[in-house]
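S.K.: Task: produce atomic coordinates for the following.
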Amino acid sequence: TDVKVLVSSLNFNIHDFSLVSTYARIFIYIVIIVCFVFFFRSQVEDISADYKLYFSEPMGYIHLALVVLCAYVIVIYLTIIFS
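M.R.: Model prediction:
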């Protein structure tokens, strides 16, 4: 029996500054981070206004979990990209 495995390596050279797509990708990174900061700031203001009311509803816990998950994903993604 003859087995052949074809593998293509991962291309981690996605930030080639001679390509236009690199600048578009960096712009999208910035947009995502700015949107996250606005969302995070909004949630912090809601929590600081009345934290008992915020956590008395299930949506408060869902929003908090969403903020933590988004922060985790952004940090992990940036560590993968810049490692």
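S.K.: Geometric centre of this protein: which residue is closest?
M.R.: Among the residues of the chain, the one closest to the centroid is residue 74, at 3.0 Å (CA atoms, centre = their mean).
S.K.: Skipping adjacent residues, who's closest to that residue in space?
M.R.: Leaving aside its chain neighbours, residue 74 sits nearest to residue 36 (6.2 Å; criterion: CB to CB, 6 or more residues apart in numbering). For glycine as for every other residue, the C-beta is placed from the backbone atoms N, C-alpha and C.
S.K.: Now the one you found. Its backbone dihedrals?
M.R.: Dihedral angles of residue 36 (phi, psi; degrees, to the nearest 10) stand at phi -60, psi -40.
S.K.: isn't it right next to residue 70, touching?
M.R.: Yes: using CB atoms under 8 Å, residue 36 is in contact with residue 70, at 5.6 Å.
S.K.: Residue ranges in the chain under the pLDDT threshold?
M.R.: Within the chain, the segments meeting pLDDT under 70 span 8-13.
S.K.: could you redo the last one with a cut-off of 80?
M.R.: Across the chain, the ranges flagged by pLDDT under 80 are 1, 7-16, 80-83.
S.K.: who's in contact with the one helix or strand the residue nearest to the centre of the chain maps to?
M.R.: Using DSSP states H and E, residue 74 falls within helix 58-81. Here helix 58-81 makes contact (CB atoms under 8 Å, 6 or more residues apart in numbering) with 14, 15, 32, 33, 36, 39, 40, 43, 46, 47, 54, 55.
S.K.: Kindly export it (C-alpha atoms) in CSV.
M.R.: C-alpha atoms of helix 58-81 as CSV (Å, rounded to 0.1, in the frame of the first residue of the first chain):
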residue,chain,number,x,y,z
PRO,A,58,-29.6,37.8,32.8
MET,A,59,-28.5,40.1,30.0
GLY,A,60,-26.0,41.8,32.4
TYR,A,61,-24.2,38.5,32.8
ILE,A,62,-24.4,37.8,29.0
HIS,A,63,-22.9,41.2,28.3
LEU,A,64,-20.1,40.7,30.8
ALA,A,65,-19.3,37.3,29.3
LEU,A,66,-19.3,38.8,25.8
VAL,A,67,-16.9,41.5,26.9
VAL,A,68,-14.5,39.0,28.5
LEU,A,69,-14.8,36.7,25.4
CYS,A,70,-14.1,39.5,23.0
ALA,A,71,-11.1,40.7,25.0
TYR,A,72,-9.8,37.1,25.1
VAL,A,73,-10.2,36.6,21.4
ILE,A,74,-8.5,39.9,20.5
VAL,A,75,-5.5,39.1,22.8
ILE,A,76,-5.1,35.6,21.5
TYR,A,77,-5.3,36.8,17.9
LEU,A,78,-2.7,39.5,18.4
THR,A,79,-0.4,37.0,20.1
ILE,A,80,-0.7,34.7,17.1
ILE,A,81,-0.2,37.5,14.6
